[in-house]
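Chemist: Below are the sequence and a predicted model for it; my questions follow.
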Amino acid sequence: MNEKNINLIFQKLKITNAMRSISKPFDSNIFLILIIILKSFNILQDYEIAFLFIGCIINTIIKLLFQRSRPFKKYEDIKNYTSNNYNSYFSKYSFPSGHTFMSTLFTLILIKKFKNKLLYLIPILVGISRIYLGVHYFSDVIFGALLSIFYFKTNYKS
């Protein structure tokens, strides 16, 4: 089964609003607000915020190196169910998934703090939502998660 077919299978589900809601907290502007709120309640520390920011830069550099077109731009039968047209220089490429990378990294930090493994559902659902929304391939999501795990395990100091 090719990656295009995976996108099309997910898009048959017709759960657009739910999938948008799952991804929304990891849109850059809302994620920034979430970080500020968590910092104000002393849930996130300065080094963790810097760690997230550096991770975002790493993910963006890889995205710019690979320059893979988004599924909805390559195949007209895959729909873009987001409100973003992804035409800006930093958002027009799909590999790796930034939402999946950040949601995985954020989740790993929270699991380290709160020891609640149910939080693993966050990046799984975010990854599925990115495929459903037509903005990422399965491999974009998997690599985003794996890159995040690697970055966390090799650089996070609790």
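Modeler: Thanks, I have it. Numbering: from 1, shown residues only.

Chemist: Please count neighbours and contacts with C-alpha atoms only from this point.
Modeler: Fine.

Chemist: shouldn't residue 11 be in contact with residue 133?
Modeler: Yes - Residue 11 lies in contact with residue 133 (C-alpha atoms under 8 Å); the separation is 7.3 Å.

Chemist: which residues are in contact with both of these two?
Modeler: Listed as contacting both residue 11 and residue 133 by C-alpha atoms under 8 Å, 6 or more residues apart in numbering are residue 79.

Chemist: Give me the more crowded residue out of the two.
Modeler: A count of neighbours by other C-alpha atoms under 10 Å puts residue 133 above the other of residue 11 and residue 133, at 26 against 20.

Chemist: For that one, list the residues it contacts.
Modeler: When contacts are counted by C-alpha under 8 Å, 6+ apart, residue 133 touches 11, 16, 19, 20, 79, 80, 81, 82.

Chemist: Kindly reformat those as TSV containing distance to residue 32.
Modeler: Converted to TSV, the contacts of residue 133 look like this (distance: C-alpha to C-alpha, whole Å):
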residue	distance to residue 32
11	29
16	24
19	20
20	18
79	27
80	24
81	23
82	19
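
Chemist: For the protein, which segments count as helices?
Modeler: In the chain, the segments counted as helices under DSSP state H are 3-11, 16-23, 28-40, 46-66, 71-74, 98-114, 121-132, 138-155.

Chemist: If it's not too much trouble, I'd like those helices exported to JSON lines so that mean pLDDT sit alongside each entry.
Modeler: Output for the helices of the chain, formatted as JSON lines (pLDDT from 0 to 100):
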{"stretch": "helix 3-11", "mean pLDDT": "91"}
{"stretch": "helix 16-23", "mean pLDDT": "93"}
{"stretch": "helix 28-40", "mean pLDDT": "94"}
{"stretch": "helix 46-66", "mean pLDDT": "95"}
{"stretch": "helix 71-74", "mean pLDDT": "94"}
{"stretch": "helix 98-114", "mean pLDDT": "96"}
{"stretch": "helix 121-132", "mean pLDDT": "97"}
{"stretch": "helix 138-155", "mean pLDDT": "97"}
